[in-house]
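[1] sequence? don't have it. structure:
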C-alpha cells in the first residue's frame, strides 16, 4: 500500500531493507542543502488576534537546514561496518577540509544514500536534487556508492525566478544528479519529448525539401530543463519554502518509471513527489521527519485526490500512545494538537494553561478553539482550571484531551454545565457544539470522534 512514514529516514531505510531488500523502481530526493537556514510556515495566530483585535499571522519553524546536531561520531562508526568501506574512507581521509557542518551533512547524506542504493531494483534510478554549494561533494559520494559508470546526467533545471546581481552572474538553476543502479534501466524518452518550434521545424527540412517525419515533430529531451519555478500565485503552491513544481517531478517520473512501479521520496517535504506519483498511477513511499509535513501532505495533497494510503510512525494503539506520553510529553502534545487536529502548539514551557489552539470557519466568522493535552494523571481540578483559561483567552470553545481511564463523572458533569456554542453558519454536522469537551486518546486512535467534530474540516489554522 502507498505509505507515508513519519520519522528518521535512516531508521526507516534500514527497516525497509531488512524486510523488502531491493524493491524500488525510482527514487527522487530533494534534501536540505546545508544552507544553515531555518524554514518556516505561516499559521493564523488567533491567540494574538483576541489580544489586539485584528487578524494576524505568525511563523512556525517547519524544519532546520542545519546539520551540526547530527551524531557525527555515531554515524561514522556505523558506516565503518558497511560493506562499502570507500564511503567511510572518503569522509574520514578528507575530514580536515570540511567544516563541522559540512562533515555532518555529508555523513548524513552518505549513510542514507548507501541504503537507498540497496533498496533500488537492479533496473532502478535515483535523482538527487541539490544546489551548486554541495553538488560536487555529493557527486563524489554517488560515484563511490553507485559506481562512476552508472552516472547518467547532471541535469540543469533552469528557471527565471529570483534576483539579479552586479557582483556575479545571476543564479538561475539547480543541479539534479541522475544515476542508475546498472546499465539496464527504464528511460521513456518518448514520454517526455518536447515540441519543436515552427522555426526549428523549418530548419529541419531535408535536402530535397520534404518535411521531417511525424516521429521527429518532437525533439528528444536534453539535460537542461527550461521550466519555471513556482511563482507566489501558483495554484499548487502550499506555502512550503522549498516546494518544487509538479511539472518538474512529472518529467522525472514519466521518464524513469512506468505505471504500477514504486516511486520513493525519503525527504518528501510537502509531498510533490507522492502527489505526482499518485496522479500518474505509480505506487509510492514518502518519508519526512516533520509531523507538519505529513499532516500537510494528507490534508492538502492526498485528500483532494481521494488517495488510498497508510501512515506509519504515529501511535497506532494505546500502549504506543502511553509510551510516547511518558518518554516525550511535548511530542505527544504535538501529535494531538498539530497532527490530529491540525492546530498550533504553544511553546514547550509556561504555556498559559493550554497546549495549543486552532481556528475554524463558522459561516463568515472565525472561531477559536484551545486545547489542553494530558498524557498522565488528571482530575476535575485540571478541567476547572482549563475552563478558566478558555474564558481568560476569550476562546469560543475548548478540548480537554486525556486517556479514557483518567475521565471521571465529575469531569463530565463540569463540561456539561458549560453549555453549548451556537453555530452561526450552516454546518452540516451540528447547529450547536459543547463549549468544553473531553476527547479521549482511545477515540482518537479508533477514529470514533463525536460527529460534531466534523466542523473542523473548515480548519484554517495553517
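    Thanks, I have the structure now. Fair warning: this is a prediction, and the values are worked out from it, not measured in the lab.
[2] what about the longest helix in this protein?
    Identified as the longest helix of the chain according to DSSP state H is helix 100-119.
[3] And the contacts of the next helix or strand after it?
    Sequence-wise, the next helix or strand downstream of helix 100-119 (DSSP states H and E) is strand 120-130. The contact list for strand 120-130 (CB atoms under 8 Å, 6 or more residues apart in numbering) reads 22-31, 33, 113, 116-117, 138, 142, 146, 152, 155, 157, 174-182, 184-187, 244, 252, 256-257. (C-beta placed from N, C-alpha, C; glycine too.)
[4] repeat that with 7 Å
    Strand 120-130 is contacted from outside by 22-30, 33, 116, 138, 142, 174-182, 184-186, 252, 256, using CB atoms under 7 Å, 6 or more residues apart in numbering.
[5] what sits against residue 342?
    295, 299, 358, 459, 461, 462.
[6] OK, contacts around the third one?
    Put plainly, it is residue 358. 341, 342, 343, 344, 369, 459, 461.
[7] okay, the last one: pLDDT?
    According to the prediction, residue 461 has pLDDT 73.
[8] Report the beta-bridge partner residues of the closest residue to it other than its chain neighbours.
    Excluding the flanking residues, the one nearest residue 461 by CB to CB, 6 or more residues apart in numbering is residue 358, at 4.5 Å. Counting by DSSP bridges, residue 358 is bridged to residue 369.
[9] Likewise for residue 365?
    residue 362.
[10] How many residues are close by it?
    Neighbourhood size, residue 365 [other CB atoms under 10 Å]: 11.
[11] Leaving out the residues flanking it, which one is nearest to the residue nearest the centre of the chain?
    Centroid check for the chain by CA atoms, centre = their mean gives residue 269 as the closest residue, at 2.7 Å. Nearest residue to residue 269 in three dimensions, chain neighbours excluded: residue 293, at 5.7 Å (CB to CB, 6+ apart).
[12] got the contact list for that neighbour?
    268, 269, 270.
[13] State the helix or strand in which it lies.
    helix 291-296.
[14] So what are the sheet partners of the very next helix or strand once past that helix and their directions?
    Next helix or strand after helix 291-296 toward the C-terminus (DSSP H and E): strand 310-312. Its sheet considered, strand 310-312 pairs with strand 3-6 (parallel) by DSSP bridges.
[15] how many neighbours does residue 356 have?
    Neighbours of residue 356 under the rule other CB under 10 Å: 24.
[16] Strands of the stretch 151-300 of the chain, start to end?
    For the stretch 151-300 of the chain, the strands defined by DSSP state E, counting those that start in this stretch cover 151-158, 173-180, 194-195, 218-219, 224-226, 262-265, 283-288.
[17] can you list those strands in CSV and add mean pLDDT and distance to residue 416?
    CSV is the format used below for these (pLDDT from 0 to 100; distance: least, CB to CB, whole Å):
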stretch, mean pLDDT, distance to residue 416
strand 151-158, 96, 59
strand 173-180, 96, 58
strand 194-195, 76, 66
strand 218-219, 70, 69
strand 224-226, 93, 61
strand 262-265, 98, 47
strand 283-288, 97, 40
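[18] Compare those strands and give me the one nearest residue 374.
    strand 283-288 (27.6 Å; CB to CB).
[19] Listing partners with orientation, what would you give for the closest one?
    strand 3-6 (parallel), strand 262-265 (parallel).
[20] Tabulate the contacts of residue 358 (TSV), appending distance to residue 125.
    As requested, the contacts of residue 358 are arranged in TSV below (distance: CB to CB, whole Å):
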residue	distance to residue 125
341	39
342	35
343	40
344	39
369	46
459	38
461	39
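[21] Tell me which of these fall in strands.
    Assigned to strands by DSSP state E, the following of those qualify: 344, 369.
[22] Excluding chain neighbours, what is closest to residue 317?
    Residue 317's closest residue in space is residue 445 (CB to CB, 6+ apart), at 6.4 Å.
[23] Hmm, I typed the wrong one, I wanted residue 26.
    Nearest to residue 26 is residue 257, by CB to CB, 6+ apart, at 4.4 Å.
[24] Pretty sure the one you found sits against residue 188.
    No: using CB atoms under 7 Å, residue 257 is not in contact with residue 188, being 8.2 Å away.
[25] Please name the residues that touch the residue nearest to residue 26.
    By CB under 7 Å, 6+ apart, the residues touching residue 257 are 25, 26, 186, 263, 282.
[26] And for the last one, the neighbour number?
    Right, residue 282. By other CB under 10 Å, neighbour count at residue 282 equals 22.
[27] That one and residue 256, how far apart?
    Distance, residue 282 to residue 256, by CB to CB, to the nearest Å: 11 Å.
[28] With adjacent residues omitted, what lies nearest to residue 389?
    Residue 389's closest residue in space is residue 353 (CB to CB, 6+ apart), at 3.8 Å.
[29] Regarding that neighbour, what is its secondary structure?
    coil (DSSP: H, G, I helix; E, B strand; the rest coil).
[30] Return the residues in contact with it.
    385, 386, 389.
[31] mind running it again at 8 Å?
    372, 385, 386, 388, 389, 392.
[32] separation between residue 367 and residue 435?
    11 Å.
[33] overlap in contacts of residue 257 and residue 188?
    Joint contacts of residue 257 and residue 188 (CB under 8 Å, 6+ apart) do not exist.
[34] Quickly list the domain ranges of this structure.
    According to automatic domain parsing, the chain comprises the domains 3-186+223-312, 318-458.
[35] Burial check on the residue nearest to residue 268 when sequence neighbours are not counted, number of neighbours?
    The shortest distance from residue 268 to any non-neighbouring residue, by CB to CB, 6+ apart, is to residue 286 (3.7 Å). Neighbourhood size, residue 286 [other CB under 10 Å]: 29.
[36] Check residue 132 too.
    Neighbours around residue 132, by other CB under 10 Å: 11.
[37] tell me the contacts of residue 187?
    Counting by CB under 8 Å, 6+ apart, residue 187 makes contact with 125, 255, 256.
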